[in-house]
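K.L.:
no sequence on hand, only this structure:
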């Protein structure tokens, strides 16, 4: 059985690479990590496809727990 998770974050290039490095240390061998950059046009259109307030425009940090 497969489980997929999606996380969103606003990251600088340096923060993105740090996150990738930290995640690679804790991922199981069968896990995979795919980072995707959304263009500004994509981000602007997200509210029109979802419920109100699903996608906050505030820039939030990430946290690994």
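P.N.:
Right, received. Where do you want to start? Being a predicted model, the structure only gives us computed values, none of them experimental.
K.L.:
and the longest helix for the chain?
P.N.:
The single longest helix within the chain, with elements called by DSSP state H, is helix 13-26.
K.L.:
can you pull up the most central residue in this protein?
P.N.:
Closest residue to the average C-alpha location of the chain: residue 8 at 2.9 Å, with C-alpha atoms, centre = their mean.
K.L.:
and it, how close does it get to residue 30?
P.N.:
To residue 30, residue 8 is 24 Å away according to C-beta to C-beta, to the nearest Å. Glycine gets a C-beta too; all of them are placed from N, C-alpha and C.
K.L.:
show me where the chain has helices.
P.N.:
According to DSSP H, the chain carries its helices in the segments 13-26, 40-45.
K.L.:
please name the residues that touch residue 3.
P.N.:
For residue 3, no contacting residues are found, by C-beta atoms under 8 Å, 6 or more residues apart in numbering.
K.L.:
for it, grab phi and psi.
P.N.:
Reported as degrees, to the nearest 10, the phi and psi values for residue 3 are phi -130, psi 130.
K.L.:
report how many residues lie close to the closest residue to residue 16 other than its chain neighbours.
P.N.:
Once flanking residues are discounted, residue 16 sits nearest to residue 35: 6.6 Å by C-beta to C-beta, 6 or more residues apart in numbering. A count of neighbours around residue 35, defined by other C-beta atoms under 10 Å, yields 12.
K.L.:
was I right to think residue 35 contacts residue 17?
P.N.:
No. Between residue 35 and residue 17 there is no contact under C-beta atoms under 8 Å: 9.6 Å.
K.L.:
before we move on, back to that, who are the packing partners of the longest helix of the chain?
P.N.:
Applying 3 or more C-beta pairs under 8 Å, 6 or more residues apart in numbering; DSSP states H and E, we find helix 13-26 packed against no helix or strand.
K.L.:
could we number from 143 for the rest of this?
P.N.:
Okay, using 143 as the starting number, the last item reads as helix 155-168.
K.L.:
pull out the buried positions in it.
P.N.:
For helix 155-168, a neighbour-count test (16 or more other C-beta atoms under 10 Å) marks residue 161 as buried.
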